[in-house]
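>>> Got a predicted structure here, sequence first:
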Amino acid sequence: MSIEDKARKDALTVYRGMWQDFVDAGATSDWRSPKLGQYATGTALTNMSRALYADHYNGLVTKGQPTFQPAVSSVDPPGDPRKIVVTDCADATRWLKYKADNGQLADDTPGGRHLVNAIVEKQSDGSWKVTEYGVHEVSTC
């Protein structure tokens, strides 16, 4: 396997891992979960922690499991990547917010498919982490 192929594979693994850790933390809105920093850093980590804190503050938890279809859309520089862009169409249809105190749906807004763009960068220790991500509105993919 080439260096670039390994980097692509590692970036997709890290991307999926970041979202799974976020899903796990969302079940209790644990914005302090140590798992969040396993695959994310910088803006990505800050945004996840803030979203979970907001849910905690508002008495919400997230239940269910989204699905992902990530693909590498760019590698920079080619051959020996340091930065990889991942594009995804995440389906949050079965991943919704509920009131923590009574288990009722928080609103009547259905989940759906969201375009997600993420930047995965090689860290100084050689590991890969998601440094930024953007989730677009429902029905963007």
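Received the coordinates, thanks.
>>> Let me know whether Cys89 touches His114 as I believe.
Yes - taking C-beta atoms under 8 Å as the contact criterion, Cys89 and His114 are neighbours in contact, 7.3 Å apart. In short, each C-beta sits where N, CA and C put it, glycine included.
>>> if I look at the two, which residues touch both of them?
With C-beta atoms under 8 Å, 6 or more residues apart in numbering applied, the overlap between the contact sets of Cys89 and His114 consists of Cys141.
>>> Between those two, point out the one with more neighbours.
Set side by side, Cys89 and His114 show unequal neighbour counts under other C-beta atoms under 10 Å, the larger going to His114 at 19 against 16.
>>> Who does the more buried one form a beta bridge with?
When bridges are assigned using DSSP bridges, the partners listed for His114 are Ala90, Val138.
>>> what's the answer for Lys97, then?
The bridge-partner assignment for Lys97, based on DSSP bridges, gives Thr62.
>>> Against Ala40, how distant is it?
For Lys97, the distance to Ala40 under the criterion C-beta to C-beta, to the nearest Å works out to 21 Å.
>>> ditto for Ile119
Using C-beta to C-beta, which is the criterion applied here, Ile119 is 11 Å from Ala40.
>>> More neighbours: which of those two?
Using other C-beta under 10 Å as the criterion, Ile119 and Ala40 rank with Ala40 on top: 28 against 21.
>>> Does that one touch Pro34 like I think?
No - checked against C-beta under 8 Å, the pair Ala40 and Pro34 is beyond contact range at 11.9 Å.
>>> now the helices for the chain?
In chain order, the chain shows helices spanning 3-26, 36-39, 42-57, with DSSP state H as the criterion.
>>> would you list these in CSV and tack on mean pLDDT?
Listed next are those as CSV, based on pLDDT from 0 to 100:
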stretch, mean pLDDT
helix 3-26, 97
helix 36-39, 98
helix 42-57, 98
